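1. Predicted model and sequence follow; I will ask about them next.
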Amino acid sequence: MGRFVLRRLAQSAVIVFLVATLTFVLLRMAPGDPVRAQFRDVTVSQEVIDEYRRSWGLDRSMPVQYVQYLGNLIRGDFGQSFSLHRPAWDVIREALPNTVVLALAALGISFATGMVLGTAQGANPNSRMDHTLTVITLAVFSIPIFWLGLMFMLVFGQWMGWFPIGGEVSPVYRGLPLVGQLADRFRHLVLPALTLGLGGAAVVARFHRAAMAEAFAENFIRTARAKGLSEQTVVLKHALRNALLPAITMFGLSLPVLFSGSVLVEYVFAWHGMGLAAFEAVGRRDYNVVTAITMIGATLVVAGNMVADLLYRLADPRTAES
Amino acid sequence: MTALLRVRHLSTSFQTEAGLVRAVDDVSFDLAEGETLGLVGESGSGKTVTALSILRLIPQPPGAFGPESRIEYDGVDLLRLPSRELRKVRGAQIAMIFQEPMSSLNPVLTVGSQISEAIRAHEPVSRKEANDRAVELLDLVGIPEPGRRFRDYPHQMSGGMQQRVMIGMALSCRPKILIADEPTTALDVTIQAQILDLLLELKERFAMSVLFITHDLGVLAGVADRVAVMYGGSIVEQGPVRAVFEQPAHPYTRGLLHAVPRVDRPSDRIEGIPGSVPTATAWPSGCRFHPRCSECMKRCEVDAPPSYSAGTDHTARCWLLDQSEGQRQ
Amino acid sequence: MLDLAPLTIPFPGGHMRTTKAAACLTLAWTIVITACASDRPCASPCGTIIVNITGAPETVLPVFAVSSNAQAITGLLFLPLAEIGNDLNYLGDGGFEPRIARSWTFEDSVTIVFALDRRATWEDGEPVTARDVVFTYELYRHPAVNSDEREDISDIVAVEAREEHIVAFSFSHPYQQQFYDATYHMRIHPAHLLDTIPREALRTHDLTRAPVGSGPYRLGRWDVNSTVELLANPDFFLGAPGVARIVVQVVPDLNTTVSQLIAEETDFADFLGSPSNVQRVRETKEVAVIDFPSLAYVFVGFNLRDPSSPNRPHPLFANRDVRRAIGLAVDLAAIAEAVLGDSSAVPSGPVSRGNALWDYEVERTPFDVGRATQLLESQGWTETDSQGYRVRNGQRLSFTLLVPSSSGMRRQAAIIMESQLHAAGIEMLIEELEFNAWYERSQRGRFDATLGNWGQKPNPANAIGGAWGTGGPDNWGSYSNAAFDSMLAAASRATNPAQARTNWLAALRLLQRDPPAVWVFAPSQAAGVHGRLQNVFVRSDDWGATMWRWQIASDQMLPRDRVGVP
Ligand SMILES: Nc1ncnc2c1ncn2[C@@H]1O[C@H](COP(=O)(O)OP(=O)(O)OP(=O)(O)O)[C@@H](O)[C@H]1O
Ligand SMILES: [Mg+2]
């Protein structure tokens, strides 16, 4: 196990490094000038542009910039944000917790709902409930996430007024007492997390239904029933335990999807996370911020996959000692 | 001897895309207390479906029982028992072991916990007690170092060991009846004998009735009290083991007996009988054996034979036994 | 002094009264009626204004502010010597209000002397002095600080502290916009705090994130990506602000902002986006829409150089008559109507609605396909191919228009234009590009025509010169007309308003005859304001300019107004 973790850590470091390099190069190859991008629709003199370019080191050749960038990176410095005149890390430090909260909530919704539905369906295949849920999950799955978000916003935010429409906290959050702050955070989380999580829930339900159906077809289920176990025990202990393995794999695979999906949700709900920061930074050609976000995102995805692999090993005794 | 289990007119069918599969068709037999009944037949003849039907382990749908079907255990019809009550019979009164021990054990649970779980399903004992008893059972079925193997996962054991675990699990609540569905088929030949010996020994020790399913008639000689021969979803001949072996009444049984059992590999097809088992979606008309029967007559192609007596407690379904045959034609 | 037509800001006051009456009716059943009797503001400073902006402000120090949002926010923290009037007059000192400077005198034609207000202090209690003004000027001029206003104050040759509270500005030559240049571009920075920081380190220095200003508000909190919280300075020397707290939050999606306005989650947004968004707000009783003239104009710029080899003239657009013909062949009024509804108008040149030049009576290029045809035929485009496009020497009259995909309105306008030009036998292909890619292509002159949008300051001279003057940094199409250049210079250097006007008129008319672009539309902008806010005025160049004087009706306070207010 220890060696496995070490090997995976080394692999992960290489992956993150490659992602950073690729982002670094691709950004500089993409059309658009980072200095000009800071001056939208206003005229500005070449003198000012040149001075910016010099002070951001963009006047040097790409290999030189790259070596410098790596040098800074080793010292834990992600460089300066072009558009915000402060370390790129400041942007991340603020955005990262928001994204993690949203992603975890969405993951929770995806997997909790998806597993419950999938278990119920897989345990009663071809029942009327199964067919109904299949229609519903397929429908939810095919709804564009953007549209779903707008509908939630319109119905539960604007019309019903049950939940706030935008932001991760209300503007006067700081002034609330602790309990109020927690409630405030929760209320803001509901709609974006549902938007981001429901599509995932549909996918998880579909996959998990199949996994449950597969587990139910196994002989050991027959054994469990022959022992006189209650159906509940058969489903939850014998079938579910085995169907967890595909679910864990799916968890690992869903992380990148979650991060890319969060860009849209964060944009619509004014959720100031990494997705939104990335969106803004790409628009402003804020190289260092984009690279830093990509690296952090890659790290999170790689770490999530490692966790999934470890969980898989814990959950499946057959791989445990190999 | 009184019959502990009475199976009457059992018909089990499956609704499939290829059509209705009549896997078991009007099967009746008795299992007396302390008796071992051997159920023999080629692959696909409906042995497993019969066994599973007894404990209602047939998934419904696609499976369904015919309206005439009755399975009486201790005077109660298991087919009509509420599922809560049925669960009390499963494992506790009637236990079952299966053909493939590897896939019949849950890969993500330790073997010990799978045994103690069976105990706790029926008896109000603590986890600790159940675990202790599971270790005893492992010891009983001949697993060395039972205390340590308790925590093993199935994949860490050999096939023979796994089947021993299955046997221990089946015996955990001292059932009255043990259904053993080809318990040795998937095992190495050397192991097969050990498992067979173990079963015989435990049957005596626990004074159980056994429904022993096999496709190898030879095995039954030393094991069974009575034999039922299945072909095409129905029992074509049944009777005391001696009578069936010495005076087989059905041409199919004769064919089985003539076939030399191959010891080096388990064979599905029985050598010596030409042709193969028809599919359960389209049984032949008349006697289902007639396309392969060397003594086939005209009426065999048209009418299914009823059950005829072939001696004391010995019956067979074959027109050859019809005394009135000569007069009628 | 120029007679500038006052900018009409239709504020729906009656609309707000309806709201209040309705609110009183519902309240009357439950709470005391007297609470409704007054529409007086709460005792200032009180309450909280929530403001939505679409992008995070890049700084809270004025010298680094580029975006309009950063300028509005820094404007609430830092003061200029004098504030431009709501009519945005930039000639002489008409309309300017005292801020750091209490009074000023025009000593001679190239010197203005300001007397500073002795009551003005920095947030840390230090007085604002002439030294701060001199420091500020040096800051804005310093190459390492690299303020983009550097260009705009280049006619100021010296700023001298004559006494503790007396400071003199000297200009290189006499001209009309001296006062505007001395006061509009620079907000006074505290010398005693910033002077010791090396100029090149200032941009990222910690102090820039904890600014000490002299304005009506001070910085409460700044979360880079999401919010800026401003707290009222009750001891502000020009009078306490009306509202105790302003929270500016970043909401990138304008649909969300509109929903938030309707759900009363936010109080103000200076920009609502598409006409349908504006309509949604108009239909909401509690929220008012304030239309104000925008300082931007949209154009189709022609490239006069061959995009593939810039040394050669453009095969089509080097020809003045072809450019004119295109201008005549598009029905701009129809485009403006279709894209922006009634909130838009056709400009007479590179001028926006918020601009003083807007009201100069320069005749617009008419929509006249007949005249366009005549011009094209005179240039040899006499034949027509099977698809109805004009042909000359076997060559179709065809060009490509670059459009940034980020702007829905510009994309829409391009599509309408395409079909209008087809009717006149001109093929216009549309190439949509991501904003930065579009900008780069345009900026490098790699285009036939590009659909652009320029923002302006109250004095449009620099922006117009930069975009359309010979060698201007943003003259993408390499337009060059010496007569126009000299008229522009003359207008800027004019020593009296009449002279300035004559030159501007001549310059705009010249651009009609020798057009570098088609001037497509000049939008007016719509802001959404919650009806509970009073005394609201939105100045075209700066949504925060008058915010310190806004107030909240005492009977329309919301629970959030008081949460966490010190
Ligand atoms: N769930 C099911 N759905 C459809 N058909 C089934 C199902 N289970 C069994 N059958 C069919 O019923 C028939 C009898 O099968 P069964 O498993 O009882 O045979 P068997 O005698 O046990 O054979 P073997 O020696 O291979 O175990 C076969 O044709 C089989 O395909
Ligand atoms: Mg079988």
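-> Perfect, thanks for sending it. Ligands and ions are numbered 1, 2, ... in the order given.
2. so which strand or helix has residue C:288?
-> strand C:287-293 (DSSP states H and E).
3. Counting by contacts, list what that strand packs against.
-> helix C:275-282, strand C:517-530 (3 or more C-beta pairs under 8 Å, 6 or more residues apart in numbering or on different chains; DSSP states H and E). The C-beta positions use only the backbone N, C-alpha and C, and glycine is treated the same way.
4. most packed of those?
-> Of all the helices and strands packed on strand C:287-293, strand C:517-530 has the most neighbours on average by mean count of other C-beta atoms under 10 Å in any protein chain shown, namely a mean of 24.
5. Dump that strand to CSV, keeping only the CA atoms.
-> Only the C-alpha atoms of strand C:517-530 are listed here, as CSV (Å, rounded to 0.1, in the frame of the first residue of the first chain):
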residue,chain,number,x,y,z
ALA,C,517,-15.6,53.7,-41.0
VAL,C,518,-19.3,53.4,-41.0
TRP,C,519,-20.6,54.8,-37.7
VAL,C,520,-23.1,52.2,-36.8
PHE,C,521,-24.8,53.1,-33.5
ALA,C,522,-24.4,55.1,-30.3
PRO,C,523,-26.3,53.3,-27.5
SER,C,524,-27.8,54.8,-24.5
GLN,C,525,-27.3,52.8,-21.4
ALA,C,526,-29.8,51.6,-18.9
ALA,C,527,-29.1,51.2,-15.2
GLY,C,528,-31.4,49.4,-12.8
VAL,C,529,-32.0,51.1,-9.5
HIS,C,530,-34.2,49.9,-6.7
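6. so where do the strands sit in the stretch 101-250 of chain B?
-> For the stretch 101-250 of chain B, applying DSSP state E, counting those that start in this stretch gives strands covering B:177-181, B:209-214, B:226-231, B:234-240.
7. just checking, what packs against the first one?
-> Applying 3+ C-beta pairs under 8 Å, 6+ apart, one finds that strand B:177-181 contacts helix B:47-54, strand B:94-97, helix B:189-206, strand B:209-214.
8. of those, which approaches chain A most closely?
-> strand B:94-97 (4.6 Å; C-beta to the nearest C-beta).
9. hmm, that closest one touching ligand 1?
-> No: using C-beta under 6 Å from any ligand atom, strand B:94-97 stays clear of ligand 1, with a minimum separation of 13.0 Å.
10. to the chain's geometric centre, what's the distance from that strand?
-> 10 Å (C-alpha atoms, centre = their mean, to the nearest Å).
11. residues near the residue nearest to residue B:235 when sequence neighbours are not counted, how many?
-> Leaving out its chain neighbours, the residue that sits closest to residue B:235 by C-beta to C-beta, 6 or more residues apart in numbering or on different chains is residue B:228, at 4.9 Å. Neighbours of residue B:228 under the rule other C-beta atoms under 10 Å in any protein chain shown: 28.
12. what pairs with the residue most central in space within chain B across the strands?
-> Of all residues in chain B, the one closest to the mean position by C-alpha atoms, centre = their mean is residue B:213, 3.5 Å from it. For residue B:213, the beta-bridge partners under DSSP bridges are residue B:39, residue B:181.
13. Pretty sure it sits against residue B:47.
-> Yes: counting by C-beta atoms under 8 Å, residue B:213 does reach residue B:47; the two are 4.7 Å apart.
14. so what's in contact with the two at the same time?
-> B:39-40, B:181-182 (C-beta atoms under 8 Å, 6 or more residues apart in numbering or on different chains).
15. By neighbour count, which of those residues wins?
-> Ranking these using other C-beta under 10 Å puts residue B:39 first, with 30 neighbours.
16. Most proximal residue of the stretch 1-150 of chain A with respect to ligand 1?
-> residue A:125 (12.9 Å; C-beta to the nearest ligand atom).
17. does the closest residue to that residue other than its chain neighbours belong to a helix or a strand, and which?
-> Closest residue in space to residue A:125, ignoring its immediate chain neighbours: residue A:213 at 5.3 Å, by C-beta to C-beta, 6+ apart. Assigned by DSSP H and E, residue A:213 falls within helix A:178-216.
18. right, is that helix up against ligand 1?
-> No: counting by C-beta under 6 Å from any ligand atom, no contacts exist between helix A:178-216 and ligand 1, the nearest distance being 12.1 Å.
19. Where does residue A:27 sit: helix, strand or coil?
-> Secondary structure state of residue A:27, per DSSP: H, G, I helix; E, B strand; the rest coil, is helix.
20. Pull up the gap between it and chain C, please.
-> 11 Å (C-beta to the nearest C-beta, to the nearest Å).
21. Now that residue: closest residue in space, sequence neighbours ignored.
-> residue A:287 (5.1 Å).
22. try residue C:434
-> Using C-beta to C-beta, 6+ apart, the closest residue to residue C:434 is residue C:405 (6.0 Å).
23. go on, residue A:181?
-> Nearest one to residue A:181, counting by C-beta to C-beta, 6+ apart, is residue A:173 at 6.2 Å.
24. again with residue A:297
-> residue A:259 (5.4 Å).
25. now do residue B:287
-> Nearest one to residue B:287, counting by C-beta to C-beta, 6+ apart, is residue B:300 at 4.4 Å.
26. So which residues of the stretch 51-200 of chain B form helices?
-> B:83-89, B:101-104, B:111-122, B:127-140, B:146-149, B:159-171, B:189-206 (DSSP state H, counting those that start in this stretch).
27. let me redo that: the stretch 201-322 of chain A
-> Using DSSP H, counting those that start in this stretch, helices in the stretch 201-322 of chain A cover A:219-226, A:231-233, A:240-268, A:274-283, A:287-315, A:317-320.
28. so, in contact with ligand 1 or not, the first one?
-> Think helix A:219-226. No: legend: contact between helix A:219-226 and ligand 1 by C-beta under 6 Å from any ligand atom is lacking; minimum distance shown is 10.7 Å.
29. I'd like the distance between the residue of chain A found nearest chain B and residue B:133.
-> In chain A, the residue that lies nearest chain B is residue A:228 (3.6 Å; C-beta to the nearest C-beta). Applying C-beta to C-beta, to the nearest Å, the value for residue A:228 to residue B:133 is 16 Å.
30. which of these two has more neighbours?
-> residue A:228 (23 against 20).
31. pretty sure the more buried one is in contact with residue B:92, am I right?
-> Yes: counting by C-beta under 8 Å, residue A:228 does reach residue B:92; the two are 5.9 Å apart.
32. need the contact list for residue C:183.
-> Per C-beta under 8 Å, 6+ apart, neighbours of residue C:183: C:80-84, C:96, C:101.
33. make it 6 Å
-> C:80-82 (C-beta atoms under 6 Å, 6 or more residues apart in numbering or on different chains).
34. Kindly report the same for residue C:480.
-> Here residue C:480 is in contact with residue C:470 (criterion: C-beta under 6 Å, 6+ apart).
35. Low-confidence ranges, the chain, go.
-> Unless you meant another one, I'm taking chain A. By pLDDT under 70, the low-scoring segments of chain A are A:1, A:320-322.
36. You answered for a different chain; I wanted chain C.
-> Looking at chain C by pLDDT under 70, you get C:1-39, C:343, C:566.
37. Around chain A, pick out the residues from chain B.
-> B:55, B:57, B:87, B:90-92, B:96, B:103-106, B:108, B:118, B:121, B:153, B:155 (C-beta under 6 Å from any C-beta of the partner chain).
38. Which one of the residues in the stretch 151-300 of chain B is closest to chain A?
-> residue B:153 (4.1 Å).
39. Surely that residue and residue A:317 touch.
-> Yes: using C-beta atoms under 6 Å, residue B:153 is in contact with residue A:317, at 4.1 Å.
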